[in-house]
Every structure is written in structure tokens, then in C-alpha cells.
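# What would the 3D arrangement of this be:
(one chain, ligands or ions: 1)
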Amino acid sequence: MTDRDPRDPHSLMVHAGAGRDPDRPLSVPIVQASTFALPSTARGAALSTANAPTRLYTRWGNPTTRALEDALAELEGGEAAIAFASGMAAMSTAVIASVAAGDHVLCSRHIYGGVIQLVRDLLPRFGVASDVVDVRDPKALAPHIRSNTRLLLIESPANPTVDVVDIEALAATARAHGVRTLVDNTWATPWNQRPLDSGADGVVHSATKALGGHSDVIAGAVIGARGWIEDVWRAHKVLGGCISPHDAWLVMRGIKTLGVRQARACNTALELARWLETHPAVKRVHYPGLSGHRGHAVAARQMRTFGSMLAFEVASRAAAAAVAEGVGLITHAVSLGGVESLICHPASTTHAPLDPAELAAAGIAPGLLRMSVGLEGIDDLVDDLDRALAAG
Ligand code: PLP
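The predicted model follows:
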């Protein structure tokens, strides 16, 4: 966006990436093409050596995809962005582009499980060491930094216990040691926080979730400074996780309503968390909007609202199964960020590979349930959970 830059994030979300052409279509055209005609060999040579051209071959770049990338850069306040075929394609490509054999990566323990598998299981095979550490207290970070540490990976709030880390404090410590900080901003969304404004170097998204918003697309994104994004693009070009133009269009359409969807869902999540706290069958509620949550003060400072994700504990694994299987309006499914509310049992889905000791170490009680709050009415959600909790 050039002239008339909006100050209200709702305006930004509606218009991000739209450009200013006086005769532009209001919906970005879907250029569903793998390749583009070349008028001359000279043009072919120029495009083949250019950075992220949009009219050579869609794995290099595509006009529809570029519109989404421009929108994402605007939303996160970054210089440039790359869209990917999934959140994990985005994360793995960003990490691979940022490290070399002999380097060391630090990863928050409170982060999406796929990221832990990437750094703990895959990177060491290529000579990159890693440690998965608890950085909920930002002072815990510095002792883990080594002379060869290049990257810090964090997420806030994070799966599944909605843990919060202090992005500004962690990014400042990392920067003082020459370490780049990447933040997975999937759960918070740019509606709630913009990690680049807090000193982070890069943002990663699973656009599958709230950016897309309708549970109909798998997509990802990386946003950051132009020079680093060029490095990520060079890795992306050979790793090949490019998004389809149609999926890029779906994410763009989702972004237009991200603000209104988040404003409503986050408000409902707070009301629901307060109600769950009063329910006799609920042992504990994890939601940063509650004053008893460990990350409440940091979340209140770093987020616009407290997010649309919450978790709560019931008495046992069997009771949790009864709730997950007993809901009617709410859907028992993995994933999050869609218009419909979802519930899942992390111990038997997202964290199923962990044994009981590992689950306990990660703070995942057998009776823990995770909820992605959607756009339904609060009274209907309360009724549905109340009925399911009675069955549990
Ligand atoms: N980051 C977070 C926070 C997630 O929840 C997920 C998926 O659940 C991912 C990344 C990976 O995204 P994708 O499934 O689009 O590859």
C-alpha cells in the first residue's frame, strides 16, 4: 500500500496486497499456470537469473502468489514475504536457509511439534546441532547460547497449553549474541501481535489456520527483511514447497476478514475460558486472558487480545475422550483457526507419539483438551460443552 496507508488494522486486512492500479480487479486474478511464454531468449536468461520472478515458472514465483506475499509483508510489517505449500514447508525452508553444518539452533520447548522434530531429528543429520529449551523465563535463554548458535525458534502462544513467551526480551537477548529469532505467529495472528515490531528477525505462519480461516487450504508463509527473504527464496526454489495459485487466492480471501474473525473469536474465547473456570468438571483452564495464567502479564503487554485458542483439563483421559466425542456443534478435529470451533485431545492426536513421561514433561495432562474457538454464538458453545462435560 502506498498512499492513504490505513492506521486501523481492520482496514489493513481488507486492503493488504490490493495495490493501487486505478482499474484493478477487486479480487486478485488466479493465474493458474505453471509456466509463462518467453518473448526472447534474452528475456528467459534475465528471468532465470532474477530473484523471485513472477513470470517464468510458478515454483520461482507467480502473480497471484506475489499478491499474497505482498499482503503478508504488509500485515506483519516486514519488507518481503514468501508463500509456501504448508506451514512446515515455510518453517523447514526458513531454517535450512539460515544455518550451515557446524551451526547450533535453539528451539523453545513450547512450539509446534513438527518444528521440534525438524530441529531435534532432522537437522543433526546435516551437521546442525540443536537444543530444545524452556524459555518461558527469558533469562533462561542466554546460558543456552553457544558461540555457534545462529537461530532461535519460538512461538507464542503455543501448542497445546497456550504458553506465552516474551518475544521482545528473547529477541533482544538473541540479537545481542548475533542469533536470529524466528517466531511462529500462527496462533496469535498479525491481528494480535507483530513479532517483527518486537525485534524478531522473521515470522513464520501456517496459513492453513486463521489466515486462511475456513479449513479449506494448506499453506504457509515466511516474512522478514528483504536480504534474508532472498536467502529463503533461493532455498525455496530448490526445496520446492511452492503454494498453488488457487490456494494463494484462498488465503488472500481469508485475510480480508481476519480482523473481524479474530476480534469475535478472541472475545468468545475469553468468555468461554471464564465460564470453563467455574465448571465443576473442569480441573484447570489454560488461557492467557485469565489472570492466573503464567503468561498473563506478558500476553497483556504483547498481544491485542488473548487469542482464540484455549485448553482445559478434565479428570482423566477417558473423561476427555467422552467430551471430545460428546460435543455436537463443536467438531472433534485437529487444526485450528477456522470459522467453526474445534476440539481435540492432544495426548491422542497432536502429541500421540509422546510416551506418558514425555507428556508429563510437556505439561500435557491425560485429560487435557484443546479448543480452537470459532464464530458460533457463546451461548451455543456453552450449551454444547456443558452437555459434553456432563457426559464425561
Ligand atoms: N505452526 C503451528 C503453530 C501449527 O499449529 C501448525 C500445524 O498445526 C504448523 C506450524 C504447521 O503447519 P502446516 O500444517 O500448515 O504445515
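
# ok so Gln32 is a helix residue?
No. Using DSSP: H, G, I helix; E, B strand; the rest coil, the assignment for Gln32 is coil, not a helix.

# How much space separates it from Glu155?
33 Å (C-beta to C-beta, to the nearest Å). For every residue, glycine as well, the C-beta is placed using N, CA and C.

# higher neighbour count, the two?
Taking neighbours as other C-beta atoms under 10 Å, Gln32 and Glu155 compare with Glu155 leading, 25 against 12.

# pLDDT wise, what is the nearest residue to that one once chain neighbours are set aside at?
The shortest distance from Glu155 to any non-neighbouring residue, by C-beta to C-beta, 6 or more residues apart in numbering, is to Asp184 (3.9 Å). In this model, Asp184 is scored at 98, pLDDT.

# same check, this time on Ala362
pLDDT for Ala362: 80.

# contacting residues around it?
Listed by C-beta atoms under 8 Å, 6 or more residues apart in numbering, the contact partners of Ala362 are Arg109, Thr161, His351, Leu354.

# so the last one sits right up against Ile364, yeah?
Translated: Leu354. Yes. If you go by C-beta atoms under 8 Å, Leu354 and Ile364 touch, sitting 7.4 Å apart.

# who touches both of these two?
Common contacts of Leu354 and Ile364, defined by C-beta under 8 Å, 6+ apart, comprise Ala347.

# more crowded one of the two?
Taking other C-beta under 10 Å, Leu354 and Ile364 do not tie; Ile364 has more neighbours (23 against 16).

# Need phi/psi at the more buried one.
Main-chain torsions, Ile364, degrees, to the nearest 10: phi -100, psi 100.

# That one: what's it in contact with?
Going by C-beta under 8 Å, 6+ apart, Ile364 touches Pro160, Thr161, Pro346, Ala347, His351, Leu354.

# Please tell me how far it sits from Ser130.
Distance of Ile364 to Ser130, given as C-beta to C-beta: 21 Å.

# What of Ala73?
Here Ala73 is placed at a distance of 28 Å from Ser130 (C-beta to C-beta).

# on that earlier part again, the residue nearest to Glu155 is in contact with Ala200, isn't it?
No. With contact defined as C-beta under 8 Å, Asp184 does not count as touching Ala200 (10.4 Å).

# Looking at these two, which one has more neighbours?
Ala200 (27 against 24).

# so what's the closest residue to Asn148 other than its chain neighbours bridging to?
Sequence neighbours aside, His104 is the residue nearest to Asn148 in space, at 4.7 Å (criterion: C-beta to C-beta, 6+ apart). Applying DSSP bridges to His104 gives these bridge partners: Ala129, Thr149.

# Mind listing what's buried along whatever helix or strand Ala357 lives in?
Using DSSP states H and E, Ala357 sits within helix 356-361. Buried residues in helix 356-361, counted by 16 or more other C-beta atoms under 10 Å: Leu359.

# Equivalent analysis for stretch 105-123, please.
Residues 105-113, 115-116, 118-119, 123 are the ones in stretch 105-123 that count as buried (16+ other C-beta under 10 Å).

# Ok, stretch 257-270 next?
Buried-residue list, stretch 257-270, by 16+ other C-beta under 10 Å: 257-259, 261-270.

# and what of stretch 153-171?
Within stretch 153-171, judged by 16+ other C-beta under 10 Å, the buried ones are 153-171.

# That one spans what distance, first to last residue?
10 Å (C-alpha to C-alpha, to the nearest Å).

# what's Gly241 in contact with, if anything?
Gly241 sits next to Phe84, Ala85, Ser86, Ala89, Ala90, Ser92, Thr93, Gly220 when contact means C-beta under 8 Å, 6+ apart.
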